[in-house]
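K.L.:
Structure of the sequence below:
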Amino acid sequence: MATPAYKLHYFAGPGRAEAARLLFAIGNVPFEDVHYTYETLAAFKPKAPFGQVPVLELADGKMLAQSGAIDRYVAKLAGLYPEDPLDAARADMVAFHMVDFMDLFMPTWSMAPEERAKARQAILEGKGKDKLLSLSKIIEEAEAAGGWVAGGKMSYADVIVYVYLSGIVSKRMEGVPPNLLDSYPVLKAFRNKVAKLPPVLAFYTQHAGEDRASFRPDDE
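P.N.:
Okay, the predicted model is just below:
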């Protein structure tokens, strides 16, 4: 078997590389999933453009950093980036919105566990709630117009929404109730729709484990 042309460098668990992994899988694009621990990452950091992961290594050894850039590059390889400029911009708009949502929680990672849980609850009652309500409105409009956020065809933005909604209710997000999406039925239904797509089901059957349990359909 030929060596894959792409190597995705990141930790083994889900996180900032999960969307790219899933885009590779949906597009049936072979890649090597290179995993690190915090200890082994030290040897790779000098090779990374910004000294951090994820990094996508191309066949010629060139490195592409920043998860947003990687996601859009892989989406084009997988046929999941819209060709129409407006649809592409709309996909990017939704993807950037999800990044803004998750970035609200970044400061909480350096907090003590009890403080972290309280801070996350406060986010979900404030700015986080606002962003989820905005997303719910976008998804509701998309469902009425064809089912996907950028035109009538699934794009990488739908994958980003699915990955981030699944990640926010994972066990590693202490303080976030696992049934959070019950309060956002449009988002819950959309997440489940993507979770039940055959290539997504296959990916999370192959990549099972407690850290990815929240990526499975709710009715399993």
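K.L.:
Now do the end-to-end distance for stretch 176-185.
P.N.:
17 Å (Cα to Cα, to the nearest Å).
K.L.:
Tell me which residues of that stretch come out buried.
P.N.:
For stretch 176-185, the neighbour count (16 or more other Cβ atoms under 10 Å) marks 176, 180-181, 184 as buried. Glycine gets a C-beta too; all of them are placed from N, C-alpha and C.
K.L.:
next one: stretch 197-210
P.N.:
200, 203-204, 207.
K.L.:
same check, this time on stretch 147-162
P.N.:
Buried-residue list, stretch 147-162, by 16+ other Cβ under 10 Å: 148-151, 154-162.
K.L.:
Of those residues, which belong to strands?
P.N.:
Applying DSSP state E to these, no entry is found in strands.
K.L.:
among these, which are in helices?
P.N.:
Taking DSSP state H as the definition of helices, these contribute 156-162.
K.L.:
For these, give me a markdown table that also has pLDDT and distance to residue 110.
P.N.:
Listed next are these as a markdown table, based on pLDDT from 0 to 100; distance: Cβ to Cβ, whole Å:
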| residue | pLDDT | distance to residue 110 |
| --- | --- | --- |
| 156 | 98 | 30 |
| 157 | 98 | 30 |
| 158 | 98 | 32 |
| 159 | 98 | 29 |
| 160 | 98 | 25 |
| 161 | 98 | 27 |
| 162 | 98 | 27 |
